[in-house]
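1. Everything below, folded, please.
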Amino acid sequence: DFNNNSNSSLNYAIENNLVSMISDSQRIRKGDYIIFYLQQNRAKKVYEGKFYGIFKAKDNHSFLDNNDKNQFLKQQLNKSLTFRTMIEPYKVYPIGVTEWEALDEIKYIQSPNQMLWSLIYRKLRANRGNTMITIYESERLIKLIKDKNNSKTLNCNSLTFDTDKQEIIADNAKYNYTGRKENVNILPRLINKFSQGKSFEPHLQAYIVQNIGIKTHNNLDNLLVNNYDIEWIGNEVYCGVGMQKIDIMLSLIKEDERIIEPIELKSVCATPDIIFQIQRYIDWIEQYYIPNRISDIQPVIISKKISNKQSSNYTQLINNLKNLNSKNNILPLKYIEFDINNNNINFQQIIY
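-> Sure, this is the predicted structure:
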């Protein structure tokens with residue numbers, strides 16, 4: 001009830017969970033590869049999870065079809081699917097790769113950083129539907145699917161799933177989506193929570209991943225993307241079995257130059273101890289990400305504006321940022337503050 005609306009009747013925990021799902025859906029960009037996961041279900045003779053693909057997103061972002069009696073295919077599916085994404089076949093292979101083959105088998109693994117950690121972390125949490133994986137991980141998973149099928153794809157645009165064979169097969173029928181397509185607008189709710197002094201980090205994350213790189217918020221693009229292209233967007237990126245998560249991570253590219261930006265979000269003012277979290281992100285990226293996709297690391301902090309730049313908190317924060325830069329082989333950390341005026345959120349980089 002909070003989409004395009006400043007108020008909500010939902011419990012804050014339920015709202016935040018839904019907003020996290022919105023973030024997952026709004027990071028999708030046209031042309032993104034999509035791989036399906038068939039969950040283990042022994043009652044239906046699905047004895048192990050499997051990965052199937054490859055499809056592509058037809059448009060930027062998912063849209064909403066709210067959970068009511070008019071929701072498209074709700075009765076036929078006997079479940080609600082609120083977040084919808086238009087997809088199309090790309091290179092679709094009929095046979096899926098098992099979870100064991102993708103996540104556990106290590107005979108072709110030379111180093112731990114080559115394992116599909118995004119999916120392993122997801123398995124440990126077991127509560128996330130739409131999970132991004134890194135470009136390297138997608139290349140590896142797609143290669144496994146391709147090899148499992150001896151490179152043979154299905155040459156058709158209408159497809160279905162044979163539950164007995166557990167294979168994707170051709171389908172002569174043609175189906176059109178005739179449900180609702182409600183666009184997501186989280187900003188009114190974000191502004192309301194800001195004005196009431198309530199936490200809104202999930203809402204800020206959803207707003208940024210929805211708008212970054214598509215020329216709907218030039219201020220944000222100039223600060224985070226500049227003259228680079230975005231080749232990958234991640235949110236809630238797991239970076240350790242302790243389930244630490246990078247709020248947003250961007251991979252930027254220009255010719256043969258790459259920058260990876262781990263972004264820490266705060267709906268409150270940044271404090272000096274924020275650098276401990278940033279250091280953990282740097283350490284993880286250096287060990288698990290960089291070996292598979294060589295990039296420069298440029299951490300980013302986005303937090304509420306500190307009005308008193310003479311305060312001891314601000315002085316210590318800036319000193320800590322400088323120390324972080326000097327002790328790591330990284331591009332200088334970007335410190336960005338935001339403020340909300342006239343129902344708009346404005347971002348400004350602080351040069352320190």
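2. for the stretch 251-352 of the chain, what spans make up the helices?
-> Remark: helices assigned in the stretch 251-352 of the chain by DSSP state H, counting those that start in this stretch are 274-284, 312-327.
3. Please identify the deepest-packed of those helices.
-> Among these, helix 274-284 has the highest mean neighbour count (mean count of other Cβ atoms under 10 Å), at a mean of 18. (C-beta placed from N, C-alpha, C; glycine too.)
4. List the contacts of the closest residue to residue 101 other than its chain neighbours.
-> Leaving out its chain neighbours, the residue that sits closest to residue 101 by Cβ to Cβ, 6 or more residues apart in numbering is residue 144, at 6.3 Å. Residue 144 makes contact with 51, 97, 101, 102, according to Cβ atoms under 8 Å, 6 or more residues apart in numbering.
5. Contacts for the helix or strand containing the first one, please.
-> Spelled out, it's residue 51. Per DSSP states H and E, residue 51 falls inside strand 50-57. Strand 50-57 has contacts (Cβ under 8 Å, 6+ apart) with 28-38, 85-93, 96-99, 102, 141-142, 144-145, 166, 168.
6. Name the strands paired with it and say parallel or antiparallel.
-> Paired neighbours of strand 50-57 in the sheet (DSSP bridges): strand 33-38 (antiparallel), strand 87-89 (antiparallel), strand 97-98 (antiparallel).
7. for those, which one sits closest to residue 70?
-> Closest to residue 70 of the strands paired with strand 50-57, according to Cβ to Cβ: strand 87-89, at 22.3 Å.
8. So what touches that closest one?
-> Here strand 87-89 makes contact (Cβ under 8 Å, 6+ apart) with 34, 55, 56, 57, 58, 154, 156, 157, 159.
9. Out of those, the closest to residue 189 would be?
-> Lowest distance from residue 189 to the contacts of strand 87-89 (Cβ to Cβ) belongs to residue 57, with 25.1 Å.
10. Spatially, which residue comes closest to the closest one, not counting chain neighbours?
-> residue 32 (4.4 Å).
11. of the contacts of strand 87-89, buried ones?
-> For those, a burial check counting by 16 or more other Cβ atoms under 10 Å picks out 34, 55, 56, 57, 154.
12. from those residues, which is closest to residue 250?
-> residue 57 (17.6 Å).
13. pLDDT score for the closest one?
-> We note a pLDDT of 97 for residue 57 in this prediction.
14. cool, residue 344 as well?
-> 90.
15. and residue 47, what does it touch?
-> Residue 47 touches residue 40, counting by Cβ under 8 Å, 6+ apart.
16. in the least confident helix or strand in the chain by mean pLDDT, what's buried?
-> None of the helices or strands of the chain scores lower by mean pLDDT, DSSP states H and E than helix 117-125, at a mean of 84. Under the neighbour-count criterion of 16+ other Cβ under 10 Å, helix 117-125 has 117, 118, 119, 121, 122 buried.
17. Equivalent analysis for stretch 49-64, please.
-> 49-57, 60-64.
18. Could you export those residues as JSON lines, including distance to residue 267?
-> Output for the buried residues of stretch 49-64, formatted as JSON lines (distance: Cβ to Cβ, whole Å):
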{"residue": "49", "distance to residue 267": "36"}
{"residue": "50", "distance to residue 267": "39"}
{"residue": "51", "distance to residue 267": "36"}
{"residue": "52", "distance to residue 267": "38"}
{"residue": "53", "distance to residue 267": "36"}
{"residue": "54", "distance to residue 267": "37"}
{"residue": "55", "distance to residue 267": "35"}
{"residue": "56", "distance to residue 267": "34"}
{"residue": "57", "distance to residue 267": "29"}
{"residue": "60", "distance to residue 267": "25"}
{"residue": "61", "distance to residue 267": "23"}
{"residue": "62", "distance to residue 267": "24"}
{"residue": "63", "distance to residue 267": "26"}
{"residue": "64", "distance to residue 267": "24"}
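19. pLDDT weak spots in the chain?
-> Applying pLDDT under 70 to the chain picks out residues 126-128.
20. how about it, which residue sits the furthest from its center?
-> Relative to the centre of the chain, and counting by Cα atoms, centre = their mean, the farthest-placed residue is residue 310 at 36.5 Å.
21. Spit out the contact partners of that residue.
-> Contacts of residue 310 (Cβ under 8 Å, 6+ apart): none.
22. What does it show for phi and psi?
-> phi -100, psi 0 (degrees, to the nearest 10).
23. for the residue lying closest to residue 121 once chain neighbours are set aside, phi and psi?
-> Distances taken as Cβ to Cβ, 6+ apart put residue 238 closest to residue 121, at 3.5 Å, once the chain neighbours are dropped. When read as degrees, to the nearest 10, the backbone of residue 238 gives phi -60, psi 140.
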